[in-house]
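Need coordinates for the following:
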Amino acid sequence: MFYLMVLVALVLYGGLNYYVGLRGWQILVGFLPLLNSKVYWVLFWLIAFSYIIGQLSGSFLPETIRRIFSVAGAYWLGVLFYSFLLLLALDVVRLAARVLHLWPKEIAPVLARSAGAAVLLVVAAVVLYGVWNARQPRITGYELQLGKKAGSLESLNIIVAADIHLGTLTRSGYVEDFVNGVNQQTPDIVFLVGDIVEKLEPRIEEEIAAYFPLIQSKYGTYAVLGNHEYIDGHPEEISRHLSAAGVKVLRDETVRIGDEFYLIGRDDLANARSGSVKDLAALMPTAQNENEQNLPVIVLDHQPSRLNEAAALGADLQFSGHTHHGQLFPIQYLTRRIFENDYGYLQKGDLHSIVTSGYGTWGPPLRVGNHPELVRVILRF
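This next block holds a predicted model:
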């Protein structure tokens with residue numbers, strides 16, 4: 001079954017690329033009549049499959065070459081996405097114009113060539129903007145009031161980051177910029193809500209060890225794992241590296257922060273097949289000790305899929321990520337249908353839910369229609 005799914009995915013991916021490649025050839029040859037078709041298609045398919053080559057070539061290609069393939073392929077995924085959408089829209093318009101006789105036959109080729117050139121320029125502009133935008137993280141602020149006391153604590157300055165996606169595509173200075181951005185907000189506590197590491201490599205291990213210990217906060221840095229830590233296949237090793245760097249990784253664990261509040265870190269749904277993922281009911285403070293105080297309960301859960309459970313059990317605040325707010329417009333219209341809260345703030349009963357668009361990117365290193373962010377929450381009790 002798995003191999004059948006892989007085969008279907010490759011056929012679909014190849015079909016999308018062929019459509020974009022063919023239409024690209026038809027557009028380019030109109031402006032470059034001497035363009036050699038064999039050279040064009042060899043280069044096209046090399047670029048089209050460069051991401052797959054980069055991901056699967058770790059054992060036989062030098063690291064530098066593998067990284068070049070991976071980076072080129074990741075950018076191509078963004079080009080492919082917007083090229084397909086715009087070329088398909090153009091072809092629908094052309095078909096409608098032909099059926100309705102809106103374009104005189106004598107000028108149809110000129111209009112088609114001009115429209116094709118416009119598509120190429122728009123795709124280039126959108127991708128360049130997306131690359132720039134993905135490197136401009138913002139601070140998104142919220143102020144919340146909980147109806148519980150937190151000991152003598154009156155307020156808490158929380159910094160939340162999710163979907164950092166450290167891996168092959170991580171650029172030089174990325175981790176240092178992230179840590180500096182966190183520290184500039186002088187947080188009381190820092191939450192890293194999953195997909196911190198996309199692919200564990202020696203360079204990523206070194207950067208975690210060098211920079212994550214520099215995160216400064218009163219109560220420390222806490223993290224949960226996301227689906228990509230499990231996709232990478234090294235959740236235990238990733239947890240060890242984070243822990244060694246001063247990050248407290250919670251995998252279905254509950255901790256009491258002083259006499260102020262409880263923090264619950266949920267294991268990701270990607271680990272559900274192992275049978276080790278616990279229900280939130282078993283993690284609530286009163287389930288573990290019926291004499292526990294009625295302090296505020298904050299939940300970290302990478303995927304915002306279990307809000308009903310958190311609301312029903314009396315959690316006060318949940319932080320999630322995972323959705324990237326679509327990352328590439330118009331995907332956010334799909335994430336809105338999948339998740340009750342796919343981005344931003346939602347109150348569900350007494351539960352306050354905040355979902356961040358994330359700090360990094362997955363796949364194409366670009367963002368269109370949303371922004372990378374650190375979330376800053378001033379929580380008052």
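
Can you report how many residues lie near the spatially closest residue to Gly360 that is not a sequence neighbour?
Using Cβ to Cβ, 6 or more residues apart in numbering and skipping the chain neighbours, the partner closest in space to Gly360 is His165 (3.8 Å). All C-beta spots, glycine's among them, are computed from the backbone N, C-alpha and C. Residues within reach of His165, counting by other Cβ atoms under 10 Å, total 24.

the helices in the stretch 251-381 of the chain, which residues?
All helices of the stretch 251-381 of the chain, identified by DSSP state H, counting those that start in this stretch, fall at 280-283, 285-288, 307-312, 332-338.

Could you report the distance from the residue nearest to Ala134 when sequence neighbours are not counted to Val127?
Once flanking residues are discounted, Ala134 sits nearest to Arg367: 4.4 Å by Cβ to Cβ, 6+ apart. Applying Cβ to Cβ, to the nearest Å, the value for Arg367 to Val127 is 11 Å.

what's around Ala9, how many residues?
There are 10 residues near Ala9, going by other Cβ under 10 Å.

quick one, what contacts the residue lying closest to Leu269 once chain neighbours are set aside?
In this structure, Leu269 finds its nearest non-sequential neighbour in Gln303, 5.5 Å apart by Cβ to Cβ, 6+ apart. Contacts for Gln303 (Cβ atoms under 8 Å, 6 or more residues apart in numbering) come out as Gly194, Gly226, Asn227, Asp268, Leu269, Ser320, His322.

Mind putting the residues you listed into TSV with neighbour count?
Shown next, in TSV, are the contacts of Gln303 (neighbours: other Cβ atoms under 10 Å):
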residue	neighbour count
Gly194	31
Gly226	30
Asn227	16
Asp268	24
Leu269	17
Ser320	30
His322	26
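
Which pair of these spans the longest distance?
Asn227 and Ser320 (12.1 Å; Cβ to Cβ).

Now the residue nearest to Leu269. Its backbone dihedrals?
phi -90, psi 130 (degrees, to the nearest 10).

That one and Ala272, how far apart?
On the measure of Cβ to Cβ, Gln303 and Ala272 end up 11 Å apart.

next one: Trp362
Relative to Ala272, and taking Cβ to Cβ, Trp362 is found at 20 Å.

Those two: who's more crowded?
Trp362 (17 against 11).

Hmm, Leu379 and Glu154 touching each other?
No: between Glu154 and Leu379 there is no contact, the gap being 9.9 Å when judged by Cβ atoms under 8 Å.

quick one: which of these two has more around it?
Set side by side, Glu154 and Leu379 show more neighbours around Leu379, with 24 against 10, by other Cβ under 10 Å.

what are the ranges of the strands in the stretch 251-381 of the chain?
253-257, 261-265, 297-300, 317-320, 344-348, 351-355, 373-380 (DSSP state E, counting those that start in this stretch).

tell me which strands and helices the fifth one is in contact with?
Counting contacts by 3 or more Cβ pairs under 8 Å, 6 or more residues apart in numbering; DSSP states H and E, strand 344-348 packs against helix 307-312, strand 351-355.
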